[in-house]
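Q: This is a predicted model, with the sequence first.
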Amino acid sequence: MKLFENRTRILTPLALAALAAAIPAGAASVRPIRFDHLSLEQGLSQSTVMDILQDRRGYIWLATEDGLDRYDGLSFQVYKHDPADAASLPSSFVWDVDEDAAGNVWVATTNGLAMWDRATDRGVRLDVEVPDRVEVQADPDALRQILTNLLENSLRHTPNGGRITVSSVLADAGTEIRVSDTGSGIPAEHLSRIFERFYRVDPGRSREEGGTGLGLSIVKHLVEAHGGRVVAETALGRGTTMRLTFPALPRK
């Protein structure tokens, strides 16, 4: 399967809410729908809206050609690219916004992806460096689980203003996927055990942030079930890279 695919999504909750508000209880006929306009004067960064999302906290996120807007029902907070801020959006042209199962908000721009941590509302930049033709012979759900576990693990250990990079290259043994971060790194005495079930490098921090100690062991199990292997490379205080190798595709 291809690592990343474009999706067309139809969002209906706001449209349904507007329709319901326009039809009084017990009305015998449908009246014209009336909309309250959110304008540039109210703080909206751009009148052209590319995508819209309501997250589980109730915020409305608007992807526009001139930034990402977050609306709380009263006012807008606008996020844009700032060359002087490594934690800002990769680009101010935002074309898609989505929320994952963990409640993190993912933002697709014309210059890469960014991800917002739901817990601390801090910005961690996500760069994707995947050639167009790279494919992996893998179960789609398993591959999604692998990447989700690795990204959540990187996010948990990457500080404000840090960066996570997902890349892929064709190697002699097959396709190699790398998930790298600029986080805290792993002490050398723990490196050989991080793929064990329930093993935590920092038990206190894992309990505080909700870690189970299963994420990396699941990654190892799923990768090896596909005939691949996973290794970790780390530098304390500088970050960690997880290297996953999947067998080469059969020749056609």
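A: It's in.

Q: Show the average pLDDT along stretch 135-155.
A: Mean pLDDT, stretch 135-155: 86.

Q: try stretch 111-131
A: 73.

Q: what about it, start to end distance?
A: 14 Å (C-alpha to C-alpha, to the nearest Å).

Q: now whichever helix in the chain runs longest, how far from the chain's geometric center?
A: Criterion DSSP state H: the longest helix present in the chain is helix 140-157. Here the centre of helix 140-157 is set off from its chain's centre by 10 Å, with C-alpha atoms, centre = their mean, to the nearest Å.

Q: Quick check: which helices or strands does that helix pack against?
A: strand 163-171, strand 174-181, helix 215-225, strand 239-247 (3 or more C-beta pairs under 8 Å, 6 or more residues apart in numbering; DSSP states H and E). In short, each C-beta sits where N, CA and C put it, glycine included.

Q: ok, residue 87 touching residue 159?
A: No: with contact defined as C-beta atoms under 8 Å, residue 87 does not count as touching residue 159 (9.7 Å).

Q: Spell out which residues are contacts of both of these two.
A: Shared contacts of residue 87 and residue 159 (C-beta atoms under 8 Å, 6 or more residues apart in numbering): none.

Q: quick one: the strands in the protein?
A: 49-54, 60-64, 67-71, 76-79, 94-99, 105-109, 112-116, 123-129, 163-171, 174-181, 229-235, 239-247 (DSSP state E).

Q: pLDDT at the spatially most central residue of the chain, what is it?
A: Taking C-alpha atoms, centre = their mean, the centroid of the chain lies closest to residue 106, which sits 4.2 Å from it. Confidence at residue 106, expressed as pLDDT, is 88.

Q: Residue 222 now?
A: Residue 222 carries a pLDDT value of 94.

Q: Next, the contact list for it, please.
A: Neighbours of residue 222 in contact, by C-beta under 8 Å, 6+ apart: 142, 145, 146.

Q: which stretches of this structure have low pLDDT?
A: Within the chain, the stretches with pLDDT under 70 are 1-47, 117-123, 132, 201-213, 251-252.

Q: close enough to count as contact, residue 163 and residue 86?
A: Yes: assessed by C-beta under 8 Å, residue 163 is found in contact with residue 86 at 6.9 Å.

Q: List the residues that are in contact with both of those two.
A: residue 125.

Q: Look at these two and report which has more neighbours.
A: residue 163 (18 against 14; other C-beta atoms under 10 Å).

Q: so who does that one touch?
A: With the criterion set at C-beta under 8 Å, 6+ apart, residue 163 makes contact with 86, 124, 125, 126, 127, 181, 182.

Q: same question, residue 85
A: residue 161.

Q: got the domain boundaries for the chain?
A: Domain assignment for the chain, taken from automatic domain parsing, gives 39-121, 140-247.

Q: Residue 131 is nearest to which of these?
A: Proximity to residue 131, assessed across the domains of the chain by C-beta to C-beta, is greatest for domain 140-247 (6.9 Å).

Q: Quick one: distance of that closest one to the chain centre.
A: With C-alpha atoms, centre = their mean, you get 15 Å for domain 140-247.

Q: what distance separates the start and the end of it?
A: Domain 140-247: ends 15 Å apart by C-alpha to C-alpha.

Q: repeat for stretch 166-181
A: 9 Å.

Q: Quick check: buried residues in it?
A: 166, 167, 168, 174, 175, 176, 177, 178, 179, 180, 181 (16 or more other C-beta atoms under 10 Å).

Q: Would you format these as TSV with distance to residue 232 included?
A: Output for the buried residues of stretch 166-181, formatted as TSV (distance: C-beta to C-beta, whole Å):
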residue	distance to residue 232
166	15
167	15
168	17
174	18
175	18
176	14
177	13
178	11
179	10
180	11
181	11
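
Q: if we can go back for a sec, just among the contacts of residue 163, which is most surrounded?
A: residue 181 leads these on contacts (other C-beta under 10 Å) with 27 neighbours.

Q: That concludes my questions; thank you for your assistance.
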